[in-house]
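Chemist: I would like to see how this sequence folds:
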Amino acid sequence: VIFLLLIIYINVICIHQIYANGISMTSRNIHMNSIVENKNDFNRLKAEEINTKAMEIEATSVKDALQLLLEAYKLDPTNWMINANLANVYSNFEQRYSLELSSEKRIEYRKQIFFFSENALKLNPDHPGLLNNHGILLKEYNERHKAIEVLKKTIQLDPTIYEAHSGLSDIYLEIGETEK
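Modeler: Numbers count the residues shown, from 1 in each chain. The predicted model follows:
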């Protein structure tokens, strides 16, 4: 509300200056664009703050963490870390409450898990940690062949990620390809 009042106030001042001082519309538009950019910066900072708070409370209250992360996502849907955290928290939520959830809810959560995991990868496609997490999610949800591709790419980018090696060997054992 304060932000909107500030924009209205600035518009009134700019319009007054345009007529009083002959400032061009181009100058006004540049000024208004800087306000919008500042609002976007504010949203990004606020989203980061909310993201941090969500991760601090996730271990004790996954439901509250999920709500906070969704709020952060609304402020900045282009933040790969918020997307990744949403995928992980949805996964943790689904695992923690799986006995209480209907099959429809579990399917809905699974869609959210992959939506946010894939979003994070679109925003940061060569991040080994994101690739590893996505590969492990694919493995957990029996998407073995996709998981193999993703985990191989993870190892290619960062051979020190133990979980990628472990996940890949687990999959090969599960599908009977023990020579790999």
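Chemist: every contact and neighbour count from this point should use C-alpha atoms.
Modeler: Noted.
Chemist: now do the buried residues in the strand or helix carrying residue 165.
Modeler: Assigned by DSSP states H and E, residue 165 belongs to helix 162-174. Of the residues in helix 162-174, 163-165, 167-172 count as buried by neighbour count, 16 or more other C-alpha atoms under 10 Å.
Chemist: just put those in JSON lines and tack on pLDDT and distance to residue 132.
Modeler: Formatted as JSON lines, the buried residues of helix 162-174 follow (pLDDT from 0 to 100; distance: C-alpha to C-alpha, whole Å):
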{"residue": "163", "pLDDT": "94", "distance to residue 132": "7"}
{"residue": "164", "pLDDT": "95", "distance to residue 132": "6"}
{"residue": "165", "pLDDT": "95", "distance to residue 132": "10"}
{"residue": "167", "pLDDT": "94", "distance to residue 132": "9"}
{"residue": "168", "pLDDT": "94", "distance to residue 132": "10"}
{"residue": "169", "pLDDT": "94", "distance to residue 132": "14"}
{"residue": "170", "pLDDT": "94", "distance to residue 132": "14"}
{"residue": "171", "pLDDT": "95", "distance to residue 132": "14"}
{"residue": "172", "pLDDT": "93", "distance to residue 132": "16"}
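Chemist: any idea how far the residue nearest the centre of the chain lies from residue 41?
Modeler: Against the mean C-alpha coordinate of the chain, by C-alpha atoms, centre = their mean, the closest residue is residue 83 at 1.0 Å. Relative to residue 41, residue 83 is positioned 18 Å away (C-alpha to C-alpha, to the nearest Å).
Chemist: can you list contacts of whichever strand or helix holds residue 109?
Modeler: Per DSSP H and E: residue 109 is located in helix 103-123. When contacts are defined by C-alpha atoms under 8 Å, 6 or more residues apart in numbering, helix 103-123 is touched by residues 78-84, 86-88, 90-91, 94, 98, 127, 130-131, 134.
Chemist: kindly recompute the last result at 6 Å.
Modeler: Defining contact as C-alpha atoms under 6 Å, 6 or more residues apart in numbering, one finds that helix 103-123 is touched by 80, 83-84, 87, 90.
Chemist: just flag the most distant two among the residues you listed.
Modeler: 80 and 90 (15.3 Å; C-alpha to C-alpha).
Chemist: so how far is stretch 42-57 from its chain's centroid?
Modeler: 12 Å (C-alpha atoms, centre = their mean, to the nearest Å).
Chemist: in that stretch, what's buried?
Modeler: 43-44, 46-48, 50-52, 54-55.
Chemist: and that stretch, C-alpha only, in CSV?
Modeler: Backbone C-alpha positions of stretch 42-57 (Å, rounded to 0.1, in the frame of the first residue of the first chain) are rendered in CSV as follows:
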residue,chain,number,x,y,z
PHE,A,42,12.9,-5.1,-3.2
ASN,A,43,10.9,-8.2,-4.1
ARG,A,44,14.1,-10.2,-4.8
LEU,A,45,15.5,-9.2,-1.4
LYS,A,46,12.3,-9.9,0.4
ALA,A,47,12.0,-13.3,-1.3
GLU,A,48,15.6,-14.1,-0.2
GLU,A,49,14.8,-13.1,3.3
ILE,A,50,11.7,-15.3,3.3
ASN,A,51,13.6,-18.2,1.7
THR,A,52,16.2,-18.1,4.4
LYS,A,53,13.6,-18.0,7.2
ALA,A,54,11.8,-21.0,5.6
MET,A,55,15.0,-23.1,5.5
GLU,A,56,15.7,-22.2,9.1
ILE,A,57,12.3,-23.6,10.3
